[in-house]
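S.K.: Requesting a structural model of the entry that follows:
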Amino acid sequence: MTDSTPMTDGEGGTVSFGYENVTPEEKTRRVGEVFTSVAKKYDIMNDVMSFGMHRGWKDRFVKRVKPQPGENILDMAGGTGDIAFRMADRGANVTVADINQDMLDVGAERAMERDEAEGAGSLVFSNQNAEEVTFASNTFDAYTIVFGIRNVTFKDKALAEAYRVLRPGGRFFCMEFSVTDWSGFREIYDLYSMHVMPRMGQVVAGDTESYRYLAESIRKFPRAPEFEAMIRSAGFVNTKAEIILGGAVAIHSGWKV
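M.R.: Residues are numbered from 1 along each chain as shown. Below is the predicted model:
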């Protein structure tokens, strides 16, 4: 069973942390430890693990979001700012939210070092739990979350919060990893994610276990049709899943009416 049924993911009300079943509190703590461990090397490892492809995926994602000058966007699990910087460069005012302060600190440091484009929007960094966002309802024009929702303990709560903080007419965009349906590539992808990624994590970041968890969390995440159904259940309409690499990556979207 996948993580998409959070209250009954394991026995006795447990949830999955990779291939382990743990209490929700334990998962939140251990996910926090993972991202504290990888924060400083997170962007370098993204380049190494995806062979640089994540940059193109993120550009494609932002094109789908179509950030507009002056609009307010909440970039949840935005950590190091990769997506937020792209949207701010298009004039949007972006609140970068993350539950992990170490990731936010890296993003804020990067923000101070970057040369802002003329007419760029503002950037604000905020420590937030995706399941219990502190912002008022009907606040944002768009909500984005990239490679982050699979680490949320209760995904249904995060989706409900995304719906709540969006204004009517607001748009939801999520990009996430899952398993691929391409025969042949699927076997290579499994081998790479489960055996090569943890070793690369050790070589580049000095951390095997965090990258083993990240690989396992990808396998546990719902396939695109299942996750799209969860987005609809949260109240979003006109939902869509744009499949990349046979489902290894998907861009999900929906609108609040």
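S.K.: residue boundaries of the strands in the stretch 1-150 of the chain?
M.R.: Under the criterion DSSP state E, counting those that start in this stretch, the stretch 1-150 of the chain contains strands at 15-17, 20-22, 72-76, 93-98, 123-127, 140-146.
S.K.: Pull up the pairing partners for the fifth one, direction included.
M.R.: Strand 123-127 has these partner strands in its sheet, going by DSSP bridges: strand 93-98 (parallel).
S.K.: now the longest one
M.R.: The strands that strand 140-146 pairs with in its sheet are strand 72-76 (parallel), strand 166-177 (parallel) (by DSSP bridges).
S.K.: Rebuild these as CSV, extending it with distance to residue 105.
M.R.: Where C-beta positions appear, they are placed from N, C-alpha and C, glycine not excepted. Shown next, in CSV, are those (distance: least, CB to CB, whole Å):
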stretch, distance to residue 105
strand 72-76, 16
strand 166-177, 23
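S.K.: okay, these, which one's buried deepest?
M.R.: Of all the strands paired with strand 140-146, strand 72-76 has the most neighbours on average by mean count of other CB atoms under 10 Å, namely a mean of 27.
S.K.: Distance from the chain centre to that strand, please.
M.R.: 12 Å (CA atoms, centre = their mean, to the nearest Å).
S.K.: Would you mind writing the CA trace of that strand as PDB?
M.R.: What follows is strand 72-76 as a C-alpha-only set of coordinates in PDB (Å, rounded to 0.1, in the frame of the first residue of the first chain):
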ATOM      1  CA  ASN A  72       1.500  36.200  -4.600                       C
ATOM      2  CA  ILE A  73       2.700  32.600  -4.700                       C
ATOM      3  CA  LEU A  74       3.400  30.200  -1.900                       C
ATOM      4  CA  ASP A  75       6.200  27.900  -2.700                       C
ATOM      5  CA  MET A  76       5.900  25.100  -0.100                       C
END
